[in-house]
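Trainee: got a predicted model here, sequence first, then my questions.
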Amino acid sequence: MFGWLLLSSTLLFCACKGEYEKIRTSGDVRLILNKAFDYYNKKQYLRSQGLFDLVLGSIKGDLKAEEANFKYAYTYYHQEQFTLAAYYFKNFSSIYTNSVFREEAAFMSAYSNYQQSPSYRLEQSSTESAIEEFQLFVNLFPESRRVEECNKLIDELRRKLEEKAFAEGELYFNLRQYQSAVISFDNLVKDYPETPDAERVLYLIAKSDYLLSNNSVIEKKDGRYSETIVRCNDFLEKYPDGKYSDEIKEIKKDSEEKREEVKKTLKKLPSSVTSRT
């Protein structure tokens, strides 16, 4: 019984393969196009794609060209070839500006990039491309039913970029590269002012500035402790009773005391002493 099933399956496969090869090599554009649609409707996307490949260049201006190019882009999406899917959907949207499929193609271009967006720990060019494409969609189709979905996906992707920016700043902090940590966290606050990590970010900025001041040459300590005090005040203004407020108050107090000590020391230094990096 099993042998018969195996034989039947093999014969069916060979018959289908023979039919596909016969159509593929027929040179009949209309037959190939119609069969490409047929394979697509049967969810045989690889075969559909192969046949579309053969005829798309020959049917420009044909009534079926628009639908063929649209479904061709989908053959890549259904096979999870998202980079090429994004390319062909975007290409379709740019060429067929009056198409009934244009709105969906513009969305799918963005969504294909969304599908490639990796963990926040990895490189995020696909995430950035998806955000740009979703925003473009919203601008082009402000009345679309997909606008709300686009905005939610943009928020999700921006949150991932926030997480990556925070992880980078925290890595600099842990590596004791405090100046780089401050720059990284400052950029995070600038780019994502509504970040839910704002309290910890401002805390780490103040602490990084403080540790940078402690490890600076004496000629730079005065200015850097002054900057630390400003950062502490920024934190305490926003989070006077926050999780880190007690520690920040201690950092501020210590910075003020050390700044005064530095001033006294600097007065004793020869006037020929210049600042160092």
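Mentor: Received the coordinates, thanks. Numbering: from 1, shown residues only.

Trainee: and stretch 182-190, how far out from the chain's middle?
Mentor: Taking Cα atoms, centre = their mean, to the nearest Å, one finds stretch 182-190 lying 18 Å from the centre of the chain it belongs to.

Trainee: do stretch 58-75 as well
Mentor: On the basis of Cα atoms, centre = their mean, stretch 58-75 sits 30 Å off its chain's mean C-alpha point.

Trainee: of all the residues in that stretch, which ones are buried?
Mentor: Using 16 or more other Cβ atoms under 10 Å as the burial criterion, the residues of stretch 58-75 that qualify are 59, 65-75. Every C-beta, even on glycine, is put in place using the N, C-alpha and C of the backbone.

Trainee: do the same with stretch 228-235
Mentor: 228-229, 231-232, 235.

Trainee: of these, closest to residue 162?
Mentor: Within the set of these, residue 235 lies nearest residue 162; the separation is 18.9 Å, counting by Cβ to Cβ.

Trainee: checking the closest one next. Helix, strand or coil?
Mentor: Using DSSP: H, G, I helix; E, B strand; the rest coil, the structure places residue 235 in helix.

Trainee: mind checking how far the helix or strand where residue 132 lies is from the chain centre?
Mentor: Taking DSSP states H and E as the criterion, the element that holds residue 132 is helix 125-140. Remark: helix 125-140 is offset 10 Å from the chain centroid, using Cα atoms, centre = their mean.

Trainee: cool, stretch 247-267 as well?
Mentor: From the chain centre to the centre of stretch 247-267 is a distance of 42 Å (Cα atoms, centre = their mean).

Trainee: list the buried ones in that stretch?
Mentor: If you call a residue buried by 16+ other Cβ under 10 Å, then stretch 247-267 has these buried ones: 247-248, 251-252, 254-255, 258-259, 262.

Trainee: tell me which two of those residues sit farthest apart.
Mentor: Of all pairs drawn from these, the widest gap by Cβ to Cβ lies between 247 and 262 and measures 21.8 Å.

Trainee: on the pLDDT front, check residue 27 for me.
Mentor: Looking at residue 27, its pLDDT is 78.

Trainee: so residue 241, which state does it fall into?
Mentor: Residue 241 ends up coil, using three-state DSSP.

Trainee: measure it to residue 218 for me?
Mentor: When Cβ to Cβ, to the nearest Å is the yardstick, residue 241 and residue 218 sit 35 Å from each other.

Trainee: just checking, what packs against the helix ranked longest in the chain?
Mentor: When the chain is scanned for its longest helix (criterion: DSSP state H), the result is helix 147-174. Other elements packing on helix 147-174 under the criterion 3 or more Cβ pairs under 8 Å, 6 or more residues apart in numbering; DSSP states H and E are helix 102-116, helix 125-140, helix 178-191, helix 198-214.

Trainee: and the host helix or strand of residue 48, which residues are buried?
Mentor: When secondary structure is defined using DSSP H and E, the element that contains residue 48 is helix 45-55. Burial within helix 45-55, assessed by neighbour count using 16+ other Cβ under 10 Å, is assigned to 45, 47-52, 54-55.

Trainee: how far off centre is it?
Mentor: Taking the mean of its C-alpha atoms, helix 45-55 sits 31 Å from the chain's own mean (Cα atoms, centre = their mean).

Trainee: next SSE after it?
Mentor: Criterion used, DSSP H and E; the element after helix 45-55 is helix 65-78.

Trainee: endpoints of stretch 133-147, how far apart?
Mentor: Taking Cα to Cα, to the nearest Å, stretch 133-147 runs 12 Å from one end to the other.

Trainee: who's in contact with it?
Mentor: For stretch 133-147, contacts defined as Cβ atoms under 8 Å, 6 or more residues apart in numbering pick out 86, 90, 103, 106-107, 109-110, 113-114, 150-151, 153-154, 157.

Trainee: list the buried residues for it?
Mentor: Quick answer for stretch 133-147 (16+ other Cβ under 10 Å): 133-134, 136-138, 141, 144, 146-147.
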